[in-house]
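Asker: here is a sequence together with a model predicted from it:
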Amino acid sequence: MKYRTLGKTGLKVSVISLGTHQFSGEWAKTFSEQEVKTILARASELGINVIDAAECYGDHAVEAVIGKCLKNSRNRWILATKFGHAFSGAKKIGAWSVAQVRQQVEDSLRALQTDCLDLYQFHSGTNKDFDNQELWAMLNDQVRAGKIRFLGVSLSGEALSKSDLHQVHSAGEVGASVIQVVYNRLQRKAEEQVLPFCEEHQFGVLARVPLAKGFLSGNYRPGAVFPENDTRSTYSQEFNDEQLRRVEEIKRAEVPRGQNMAQWALAWCLKPRAVSSIVAGCKDIGQLEANAAAVEGLEN
């Protein structure tokens, strides 16, 4: 494994982080607690030291499974999670008031069975949510109290609107020092303003969706039809085919012959020095090991 410094936090993070949204069962597979425990143990053996979760991955359910699995190995990990949502029945809703987020802090600490969250990230909120100074004052109080080490901002999507850029440019003012952003070979908007700004101001960067929801895995060709429980089934066939045609062209023009395309795509995301780590999920141990192997040949 290779390691980089997460911006001005000074944290030494593995360049591959473990994304955990898939553990919620919202994707195409349901995970048992034992499966999650096995994946976390193998990730640690491979040198991965960052876990990225969120409050809304099953209403703290994924955090709770992680907490159980890491009960005896908490000190090996940098735990990153997020805030800003709650559940009303089965429906996820925004929950951005000071009182709501204060409760989310406590609920995440309890679920993860830890006294301190290493990275606590504003999670895909609007500028109105972001510009609440009382919210950030409370969160910085939590930092001073030792319940949070560092604050971050997880941007809402790949389009990188003016709203997202406002949050990036204002992050330092509210005490945040890490930006999480969609970045991959198909979705490169972050290169225009976000990555240069973060490098200039020493913000750590977590790049998520590195395989573009699996389009960059190299496993599909135009015309592929995805099952109903796959996120890509919600996109139009025209969109999916266009993405897959682009992937075929990238594979022909850029991927060295014989190299696994998914590993190439992961390593591609680490080319910019501004990127500290990429958040990659996995469905099983084999995929986890393949993700970790993407660092082979990476200089640092």
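Answerer: Happy to help now that I have it.
Asker: this protein: strands as residue ranges?
Answerer: Taking DSSP state E as the criterion, the chain contains strands spanning 3-5, 12-14, 16-19, 50-52, 78-83, 85-88, 91-94, 117-123, 148-154, 176-182, 204-208, 277-280.
Asker: out of those strands, the one nearest G67 is which?
Answerer: strand 78-83 (9.1 Å; Cβ to Cβ). Quick note: C-beta positions are derived from backbone N, CA and C, even for glycine.
Asker: next, the angle strand 117-123 makes with that closest one.
Answerer: With axes from the mean of the first three to the mean of the last three Cα atoms, to 10 degrees defining the directions, strand 78-83 sits at 30 degrees from strand 117-123.
Asker: and strand 78-83, which strands flank it?
Answerer: Note on strand 78-83: by DSSP bridges, its sheet partners are strand 50-52 (parallel), strand 117-123 (parallel).
Asker: ok, which of the strands of the chain comes nearest L109?
Answerer: Nearest of the strands of the chain (Cβ to Cβ): strand 117-123, 6.6 Å.
Asker: would you list every one of the helices in the stretch 151-300 of the chain?
Answerer: Along the stretch 151-300 of the chain, counting by DSSP state H, counting those that start in this stretch, helices occupy 162-170, 194-201, 237-254, 261-269, 285-293.
Asker: now render these as JSON lines, adding distance to P210 and mean pLDDT.
Answerer: As requested, these are arranged in JSON lines below (distance: least, Cβ to Cβ, whole Å; pLDDT from 0 to 100):
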{"stretch": "helix 162-170", "distance to P210": "18", "mean pLDDT": "90"}
{"stretch": "helix 194-201", "distance to P210": "14", "mean pLDDT": "97"}
{"stretch": "helix 237-254", "distance to P210": "14", "mean pLDDT": "95"}
{"stretch": "helix 261-269", "distance to P210": "5", "mean pLDDT": "96"}
{"stretch": "helix 285-293", "distance to P210": "9", "mean pLDDT": "96"}
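Asker: now, of those helices, which is deepest in the fold?
Answerer: helix 261-269 (a mean of 22; mean count of other Cβ atoms under 10 Å).
Asker: thinking again about what came up before, adding distance to K271 and mean neighbour count, write the strands of the chain out as CSV.
Answerer: Below are the strands of the chain laid out as CSV (distance: least, Cβ to Cβ, whole Å; neighbours: other Cβ atoms under 10 Å):
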stretch, distance to K271, mean neighbour count
strand 3-5, 12, 16
strand 12-14, 17, 20
strand 16-19, 14, 26
strand 50-52, 19, 26
strand 78-83, 22, 26
strand 85-88, 32, 16
strand 91-94, 34, 12
strand 117-123, 23, 25
strand 148-154, 22, 23
strand 176-182, 15, 25
strand 204-208, 11, 25
strand 277-280, 11, 26
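Asker: including mean pLDDT and distance to T231, could the ones you listed go into JSON lines?
Answerer: JSON lines is the format used below for the strands of the chain (pLDDT from 0 to 100; distance: least, Cβ to Cβ, whole Å):
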{"stretch": "strand 3-5", "mean pLDDT": "97", "distance to T231": "29"}
{"stretch": "strand 12-14", "mean pLDDT": "98", "distance to T231": "26"}
{"stretch": "strand 16-19", "mean pLDDT": "98", "distance to T231": "14"}
{"stretch": "strand 50-52", "mean pLDDT": "98", "distance to T231": "18"}
{"stretch": "strand 78-83", "mean pLDDT": "98", "distance to T231": "19"}
{"stretch": "strand 85-88", "mean pLDDT": "89", "distance to T231": "18"}
{"stretch": "strand 91-94", "mean pLDDT": "90", "distance to T231": "15"}
{"stretch": "strand 117-123", "mean pLDDT": "98", "distance to T231": "18"}
{"stretch": "strand 148-154", "mean pLDDT": "98", "distance to T231": "18"}
{"stretch": "strand 176-182", "mean pLDDT": "98", "distance to T231": "14"}
{"stretch": "strand 204-208", "mean pLDDT": "98", "distance to T231": "14"}
{"stretch": "strand 277-280", "mean pLDDT": "98", "distance to T231": "16"}
